[in-house]
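**Q** for reference, the sequence and a predicted model appear below.
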Amino acid sequence: MTDLTDPALAAAVLEVESHVAADGWDRQARLYALVDTHRLVEHEPELATAMGLDASSAQGSFTPIEQEIGTETPLEQVLQSIMWPASVTGCAAVVERLVLPPSADREIPDDVSAAQAFAEDHPDRQEVRIVAGVTRAGATYCALRLRAHDDDQSVVGGTDLVPELLELLGNTLDIEEEGTE
């Protein structure tokens, strides 16, 4: 993963964050393919026109395209089972999670169900919406919004805020070389 911010990826992640924020909280995980906007304009001109895109707006940007995912399987498991086609330049995921202060780490039970109950009952828990994005070139970007500070000016962004989710997303973009062993 790179340390430099890719402005096109950051813009796409923030666009997704703004879009999902309009739907409110307590939503299921969401997954987006990120395609080069110029390729979309070139290969799908009618769709691009319907989206208000043209050649001048297409340079150096990504268009997020939401993917259908089921509600039965956790996003982390979904990500372990997919690979994007070469036409997808990157991907982004949206999840809502409970976070606890570092001081609670020693108290978290090992059992997954017990840990979830512990987090839900903890007085210092915070609800956070995470939007994480990755490109094939290795760029990463995340946007975080706390429910307690639910306004656009309080969204925090950075390249490596949720490393484990970024790694899972990056693994979906690996291209296997055909004919190599």
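**A** It's in.

**Q** wait, a helix at residue 143?
**A** No. Going by DSSP: H, G, I helix; E, B strand; the rest coil, the assignment for residue 143 is strand, not a helix.

**Q** just give the number of residues close to residue 120.
**A** 9 (other Cβ atoms under 10 Å). Placement of C-beta: from N, CA and C, glycine included.

**Q** what about it, distance to residue 94?
**A** Counting by Cβ to Cβ, to the nearest Å, the separation of residue 120 from residue 94 is 20 Å.

**Q** for residue 138, same thing?
**A** Distance, residue 138 to residue 94, by Cβ to Cβ: 21 Å.

**Q** so these two - more neighbours on which side?
**A** The neighbour count for residue 138 versus residue 94, taken as other Cβ under 10 Å, is higher for residue 94 (25 against 13).

**Q** mind telling me what element that one is part of?
**A** In this structure, residue 94 is located in strand 90-99 according to DSSP states H and E.

**Q** give me the contact list for that strand.
**A** The contact list for strand 90-99 (Cβ atoms under 8 Å, 6 or more residues apart in numbering) reads 9, 12-13, 16-17, 20, 25-27, 29-34, 62, 64, 75, 79, 84, 119-120, 122, 125-136, 139, 165, 169, 172-173.

**Q** recalculate using a threshold of 7 Å.
**A** Contacts with strand 90-99, where a contact means Cβ atoms under 7 Å, 6 or more residues apart in numbering, come from 9, 12-13, 16, 20, 25, 27, 29-34, 62, 64, 75, 84, 119-120, 125-136, 165, 169, 172-173.

**Q** out of those, which sit inside strands?
**A** 30-34, 62, 64, 126-135 (DSSP state E).

**Q** can you say which of the residues you listed are buried?
**A** Buried subset of the ones in strands among the contacts of strand 90-99 (neighbour count, 16 or more other Cβ atoms under 10 Å): 30-34, 62, 64, 128-135.

**Q** alpha carbons of stretch 88-105, as CSV, please.
**A** C-alpha atoms of stretch 88-105 as CSV (Å, rounded to 0.1, in the frame of the first residue of the first chain):
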residue,chain,number,x,y,z
VAL,A,88,-12.4,-2.6,-12.6
THR,A,89,-9.6,-0.2,-11.5
GLY,A,90,-10.4,-0.3,-7.8
CYS,A,91,-13.0,-1.1,-5.2
ALA,A,92,-14.5,0.4,-2.1
ALA,A,93,-16.5,-1.0,0.8
VAL,A,94,-18.8,0.6,3.4
VAL,A,95,-19.2,-0.9,6.8
GLU,A,96,-20.6,0.3,10.1
ARG,A,97,-18.8,-0.9,13.2
LEU,A,98,-18.5,-0.3,17.0
VAL,A,99,-15.2,0.9,18.2
LEU,A,100,-13.9,0.9,21.7
PRO,A,101,-11.1,2.9,23.3
PRO,A,102,-7.7,1.3,23.5
SER,A,103,-8.1,0.9,27.2
ALA,A,104,-10.8,-1.7,26.7
ASP,A,105,-8.6,-4.0,24.6
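
**Q** all good on my end, thank you.
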